[in-house]
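Participant: What follows is a predicted structure for the sequence shown.
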Protein chains: 2
Amino acid sequence: MGLRERKKEKTRLAIIDAAVDLFLEQGYEATTVEQIAGAVEISARTFFRYFTSKEHVVLWFHDHSEGIVSEALACRPGDEPPFVSLLQALRVMLHEFTGATSEDTARFLKMRQLMQANPALAGKSVARGVETERRLAVEIARRQGRDAETDQLPHLVVAYAMATVRVGFECPRPQEIENDLPAMFERVEEALVLAQRSFRPGWDLGG
Amino acid sequence: MGLRERKKEKTRLAIIDAAVDLFLEQGYEATTVEQIAGAVEISARTFFRYFTSKEHVVLWFHDHSEGIVSEALACRPGDEPPFVSLLQALRVMLHEFTGATSEDTARFLKMRQLMQANPALAGKSVARGVETERRLAVEIARRQGRDAETDQLPHLVVAYAMATVRVGFECPRPQEIENDLPAMFERVEEALVLAQRSFRPGWDLGG
DNA sequence: CAATTTATGACACAGACTGACAAATGACAA
DNA sequence: TTGTCATTTGTCAGTCTGTGTCATAAATTG
C-alpha cells in the first residue's frame, strides 16, 4: 500500500475520531462540519470528499459491517437453515472486534454511545439497514432457489435476524457501564438465543 | 371545529398532495420546498410551519398510523398474547383505509408508490419506526408486567411485528398493478399469516 | 366593534452540500 | 535529481434546507 493510501486511511480515521468526540461533547446537531474539519485540519470541502454527508461518519460502521456479514454468510453451508446461517454470520461480525485494536474498540464503543444518546441517529442507522436487508434477502433467496421478487419469506427471515441484533444493541441494561464491550456482546447474544428459541423448527425453510 | 382549524387542515392536505405529485413527477431530491410552496401558493416559511422538514411530508402517514395502532392496541384484551395483540392492532390500521375517501386512498397509494420508487425514503420511514417501536415495546411490557428497560422480549415482539408489516408493504409482486389497494393489503395479510405460522406457541409470553 | 390571539409573509441568516478551478502533493520514469 | 503526470486538496461561489424575528393580516372572543 502506497503512502497516498495510508495517508488517506489515516485521515479517514482522524475524521471519525474527531467527529465522534465532538458529537459526544456538544451533541450531533450542534456540531458543524466546519468544526470537525477544523479539528482534523482539513477544509470542509475535503471532509465531504471522505464522507458524503455528516451522518455518513456515523453510518460508517454499518457499511463496514455489512461487508463482513455478507462474507460470513457466503461461508455458511448451503444446506443450513437460512435463519441459522444469518445469525451465525451476524455473530462473526460481532466477534470481529475481539481481535481488534484498542483504538478500534474505543471508536466502536463511542459510536454505540452516540447512538444510545441520540435516537435519531440510531434511526438513520436502521434506515441504511433496509438496503442491507434487501441485499441479504436476495442472497438468501438465491441460496434457497427462491424468487426474492415474489417470495416474502427470505425478506422476513432477514428482517427478523437483523431486528434481533438491533434489539440486542438497543436495549442495554441501564445499570451496566456502557463502555463495556463484552457486556454489550453478551446482551446481543442473549437476544440471539431468545430469537432462536422463538421460532418453530423449519419455519425458515418454507412450506 | 372552527374556520381556522378547517382551513389549516385543508392547507396541510394541499401541501401533501402538491408535494407528492411533484416528488413523483421530478423526483424527491429534485423538488425544492419553494416549488411545493409555490404550487400551494404559500410562502416557503409557512411550509415549515406545517411540516418540520421536507421529509416530514412523506413521514406524515407514519405518524398518523402510529396513533391508530396505539389506540387499537389499547383495545385488545390484556390476557391476549402480545404478538397477537400487535398483529391485530396493525390490521386495524390497515383496515382504516377501507372506509376512507377516494382522495385519502389515492394519497396513500401515491405515498407508497413514492416509497417504492425511492428506497431512501422508505429508509427514513423505517428510521421513524424505531421510535414507534420503543413506545410500543414500553406499552407491551407494561401490559405484561415486565420491565422494558431490562427485558428484551417486549422489544423483540414489537420489532418482529413491525418488520412483518414492513416486509408485506415492501416486497410486492412486480407484475401486480401498483395502484391496487386491496392487492397491497392482501400482500401484507400474507406476510402476517406467514409470521403467525412461524413462531412457537407462547414464545411471546416469556419463560 | 374592540381586544386578543393566531397565522402568514418578508427578511436575514446559519449550516449542509456541490461544482469548478487552481495549487499542492505523491507516484514514477529518465 | 528532475520533470511529467495523476491525484488530492483548498478556495470560492452558489443552492437548498431549516430557523429566528418582526410586522401584517386574519380569525376568535367578549
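Facilitator: Now that the structure is in, tell me what you want to look at. Numbers count the residues shown, from 1 in each chain, chains lettered A, B, ... in the order given.
Participant: Quick one: check stretch A:160-176 for contact with chain B.
Facilitator: Yes - contact of stretch A:160-176 with chain B (Cβ under 8 Å from any Cβ of the partner chain) involves A:160, A:163-164, A:166-168, A:170-171, A:173-174. For every residue, glycine as well, the C-beta is placed using N, CA and C.
Participant: Return the members of the residues you listed classed as buried.
Facilitator: Buried residues within the residues of stretch A:160-176 next to chain B, counting neighbours by 16 or more other Cβ atoms under 10 Å in any protein chain shown: A:160, A:163-164, A:166-168, A:170-171.
Participant: Check the contact between residue A:204 and residue A:81; I expect there is one.
Facilitator: Yes - contact criterion Cβ atoms under 8 Å: residue A:204 and residue A:81 qualify, at 5.2 Å.
Participant: Report the contact partners of the spatially most central residue of chain A.
Facilitator: Centroid-nearest residue in chain A, with Cα atoms, centre = their mean: residue A:62, separated by 3.4 Å. Shown in contact with residue A:62 (Cβ atoms under 8 Å, 6 or more residues apart in numbering or on different chains): A:125, A:128-129, A:132.
Participant: repeat for residue A:203
Facilitator: A:83, B:197-199.
Participant: rerun that using 10 Å as the cut-off
Facilitator: When contacts are counted by Cβ atoms under 10 Å, 6 or more residues apart in numbering or on different chains, residue A:203 touches A:81, A:83, A:153, A:156-157, A:160, B:194-195, B:197-200.
Participant: Tell me which of those residues fall in strands.
Facilitator: Among the contacts of residue A:203, no residue falls in strands (DSSP state E).
Participant: Please list only the buried members of those residues.
Facilitator: Going by neighbour count (16+ other Cβ under 10 Å), the contacts of residue A:203 have A:81, A:83, A:153, A:156-157, A:160, B:194-195, B:198-199 buried.
Participant: What is the nearest of the contacts of residue A:203 to DNA strand C?
Facilitator: Closest approach to DNA strand C among these (Cβ to the nearest atom of the strand): residue A:160, at 31.2 Å.
Participant: Skip the chain neighbours and tell me the closest residue to residue A:92.
Facilitator: Using Cβ to Cβ, 6 or more residues apart in numbering or on different chains and skipping residues adjacent in sequence, the residue nearest residue A:92 is residue A:72, 3.8 Å away.
Participant: what's the spacing between that neighbour and residue A:108?
Facilitator: In this view, residue A:72 and residue A:108 are 18 Å apart by Cβ to Cβ, to the nearest Å.
Participant: Over to residue A:30?
Facilitator: Distance from residue A:30 to residue A:108, counting by Cβ to Cβ: 23 Å.
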